[in-house]
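Engineer: for reference, the sequence and a predicted model appear below.
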Amino acid sequence: MKLDDIIISEAIIKSYTKKLLDCLDLDVAIVGAGPSGLTAAYFLAKNNKKVGLFERHLSVGGGMWGGGMMFNEIVIQEEGKELLEEFDVRTKEFQPGYYTADSIECVTSITKSAIQAGATIFNLISVEDVMLKDERVSGLVLNWSAVELAKLHIDPLTIRAKFVVEATGHPTEVIRILAKKAGVKLRTPSGAVEGERPMWAEKGEKLIIENTCEIFPGIWVAGMAANAAFGSPRMGPIFGGMLLSGKICAQKILAAL
Ligand code: 48H
C-alpha cells in the first residue's frame, strides 16, 4: 500500500483535536500524572466520570520511575500492595509488611489502567492558573509546556471542570498559585500552604490519608501535595500512601459529584 504523508499528519491533528475538544468540559481535571494523580484518574474514570489529566513533562509517572535514589524499585505496605494488584503489578514480599515492586512496571501498568478505564491524559501541557468564579475553583488554565519553557508571551486556553485535583507533588504548584493570586484562605491551619516537613515515613504515610481533602471549594489535594499543603512529613520511596491518597481522593469526589 502507498502511504500518503499528508494523511498521516491529518490523522494526528484531527484525532488529537477531537481528544482536546472532548475535554473542554470535564467532571474532574487532574494536574500531575504522578502515582497519586494517575490512581485518582483510574478510579474516577472507572466510575464513568469524564476525567482529563494534564502533565507538564513528556513522560508520565512523576517521581515513581526512579524508585529510591535511582534504584528502580519501590516499597509498598500491605494496603498499597492490594492496590497494585488492581493494576496487575507484581510485588515481592521483602519482610512481613514490606513489599517491593519494579517502579517501571508500576508506572506503565497504572498509566495503562487509567487510560483504558477512560481517562484522557495530556502530556506536555502545563497548568499555569486556575479559573475562579464566585470563590470556587471551576477550571484550569493551560498552556503548552514548550511555551512555558521558552518563556513565550502566548495566552493560554481554559477548560472547565466540576472539580480539580491538585496532584503536583512536592511543589504544590496549583494551590500556591490559587492562594497567591486570589488571596484566598485554604482549609489549612494557617490558611496558606504549610510546606512539607522532614522525613518520617510512618507519620507521613498515616497523615496523607486525612490530608487528602477538598482544600478550597472545587479543588482537592492528593499525594505528596496533600502532605505539603498541611505541613506533614515526607516519606521517601514508599508509595502506598500515594496510591491510597489517589484512590481516597477519587472516592470522596465521587461522593461529592
Ligand atoms: C502540569 C505538573 C505541574 C503543572 C507539576 O511528584 P509526583 O510523582 O506526585 P505524587 O504526589 O503523585 O507522588 C509523589 C512521589 O512521586 C514522591 O515524590 C514521593 C513519594 N516523595 C517522598 C519524598 O520523601 O521525597 O508527580 C507530580 C507530577 C509530575 O509529573 C509533574 O511534572 C507534574 O505533576 N506537574 N503538571 N502542570 N503546573 N506541576
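Structural biologist: It's in.
Engineer: can you count the residues close to the residue nearest to Phe122 when sequence neighbours are not counted?
Structural biologist: Leaving aside its chain neighbours, Phe122 sits nearest to Phe54 (5.2 Å; criterion: C-beta to C-beta, 6 or more residues apart in numbering). Glycine gets a C-beta too; all of them are placed from N, C-alpha and C. Neighbouring residues of Phe54 were enumerated by other C-beta atoms under 10 Å; the total is 23.
Engineer: over to the one 4 residues further on?
Structural biologist: Around Leu58 there are 8 other residues, counting by other C-beta under 10 Å.
Engineer: can you pull the contacts of it?
Structural biologist: By C-beta atoms under 8 Å, 6 or more residues apart in numbering, the residues touching Leu58 are 123-124.
Engineer: give me the phi and psi for it.
Structural biologist: phi -70, psi -40 (degrees, to the nearest 10).
Engineer: ok, it to Ala119 distance?
Structural biologist: 18 Å (C-beta to C-beta, to the nearest Å).
Engineer: where do the helices sit along the stretch 151-257 of the chain?
Structural biologist: All helices of the stretch 151-257 of the chain, identified by DSSP state H, counting those that start in this stretch, fall at 173-182, 201-211, 224-230, 240-256.
Engineer: revised request: answer the last question for the stretch 1-150 of the chain.
Structural biologist: 5-22, 35-46, 78-86, 103-117, 145-149.
Engineer: closest one to the ligand among those helices?
Structural biologist: helix 35-46 (3.4 Å; C-beta to the nearest ligand atom).
Engineer: picking that back up, and among the helices of the stretch 1-150 of the chain, the most buried is which?
Structural biologist: helix 35-46 (a mean of 30; mean count of other C-beta atoms under 10 Å).
Engineer: count of neighbours near His153?
Structural biologist: 5.
Engineer: can you pull the contacts of it?
Structural biologist: Neighbours of His153 in contact, by C-beta under 8 Å, 6+ apart: none.
Engineer: from the ligand, how far off is it?
Structural biologist: According to C-beta to the nearest ligand atom, to the nearest Å, His153 and the ligand sit 18 Å apart.
Engineer: what pLDDT does that residue get?
Structural biologist: Per-residue confidence (pLDDT) for His153: 98.
Engineer: which of the helices of the stretch 1-150 of the chain has the lowest average pLDDT?
Structural biologist: helix 78-86 (a mean of 95).
Engineer: for it, give me every contacting residue.
Structural biologist: The contact list for helix 78-86 (C-beta under 8 Å, 6+ apart) reads 39, 76, 91, 97, 99, 101, 106, 109, 113, 238-241, 243-244, 247.
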